[in-house]
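> How does the following fold in three dimensions:
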Amino acid sequence: MSRIALILASLALLAACNKDGQQPSAQTSSAPTSAAQASVAPAATAPPVAAEAAHAEVGKPAPDFALKDLDGKEVRLSSFKGKTVVLEWFNPGCPFVDKSHTKGSLKDAAKRHAKSGVVWLAINSGAPGKQGHGVDTNRAGAKKFGMEYPILLDESGEVGKTYGATNTPHMYVVDDKGTLVYKGAIDNSPDGEGESPTGGKLVSYVDEALAAVASGKAPATTETKAYGCGVKFAH
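Residues are numbered from 1 along each chain as shown. Alright, predicted model coming up:
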């Protein structure tokens, strides 16, 4: 795909993201940051959901949370201590999510990594009345995308703001010690289609982070800018 076509495709997807009137996030690039250069995320305005940290910061314990899945069952992050966990901010109505799950890097990622024991959790921080909200809508999205892992509902947006989630998809990797080791984009394909950018190589930042964790190493890239629709918070 040419650079101009890539830009036009991304702009079209952003327009579709904005159907409910919320302005899309300006973070549509995915420049990597090395472990030594990792920036500190701004403090969230929502109350902390864990004693370990007030907000999610790479190299620090991932804030604990408890959210209900689509069946009303409570899922708590700390219950997976000892396992590597991927958090995926999700919105079934977002065209970037659709592209990522049907053509791009999220299409089979959870299934591939589940074979090595990785836990994958989707989180929808959309508020009532916003795009992608509701149990039925999320069930339909899970069926469409073949998602066999939990979708957790964060209607208040508290968990999303604590983690600094800005986009869908927005990805976080938590290692088996409970430490946040990566946050940002799923890959460097900003249209979500999983194609190599013009003049460059397709890089799955989440795949690379998981490979590093499995080898007992810190990921070479710890933070990138997420791309996609803005998370549909209440305000």
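> list the contacts for the residue nearest to Ser204 when sequence neighbours are not counted?
The shortest distance from Ser204 to any non-neighbouring residue, by CB to CB, 6 or more residues apart in numbering, is to Asp187 (4.6 Å). C-beta coordinates here come from the backbone N, C-alpha and C atoms, glycine included. Contacts for Asp187 (CB atoms under 8 Å, 6 or more residues apart in numbering) come out as 30, 104-105, 194, 202-206.
> what about 7 Å?
105, 194, 202-205 (CB atoms under 7 Å, 6 or more residues apart in numbering).
> and the residue nearest to Ala212 when sequence neighbours are not counted, how many neighbours does it have?
When the adjacent residues along the chain are set aside, Ala212 lies closest to Pro219, with 4.4 Å between them (CB to CB, 6+ apart). Neighbour count of Pro219, defined by other CB atoms under 10 Å: 23.
> quick one: Pro219 from Gly184, how far?
10 Å (CB to CB, to the nearest Å).
> Per-residue confidence, Val49, what does it come out as?
You'll see Val49 listed with a pLDDT of 40.
> and what of the one 4 residues further on?
pLDDT recorded at Ala53 is 42.
> same deal with Ala140?
Here, the pLDDT recorded for Ala140 equals 98.
> and it, what element?
Using DSSP states H and E, the element containing Ala140 is helix 135-145.
> buried stuff in that helix?
For helix 135-145, a neighbour-count test (16 or more other CB atoms under 10 Å) marks 137-138, 141-142, 145 as buried.
> Please apply the same query to stretch 201-218.
By 16+ other CB under 10 Å, the buried positions in stretch 201-218 come out as 203-206, 208-210, 212-213, 218.
> of the residues you listed, closest to Ser79?
Val213 (18.7 Å; CB to CB).
> How about that closest one: what's its closest non-neighbour residue?
Nearest non-adjacent residue to Val213 (CB to CB, 6+ apart): Asp175, at 4.9 Å.
> try Gly93
Nearest non-adjacent residue to Gly93, counting by CB to CB, 6+ apart: Gly132, 3.8 Å away.
> before we move on, what about Gly134?
Pro128 is the one closest to Gly134 (CB to CB, 6+ apart), at 7.9 Å.
> any idea how far Ala122 is from Val97?
Noted for Val97: a distance of 9 Å to Ala122, by CB to CB.
> quick one, phi/psi of Gly184?
As for Gly184, its main-chain torsions (degrees, to the nearest 10) stand at phi 150, psi -140.
> List the beta-bridge partners for it.
In this entry, Gly184 is beta-bridged to Met171, by DSSP bridges.
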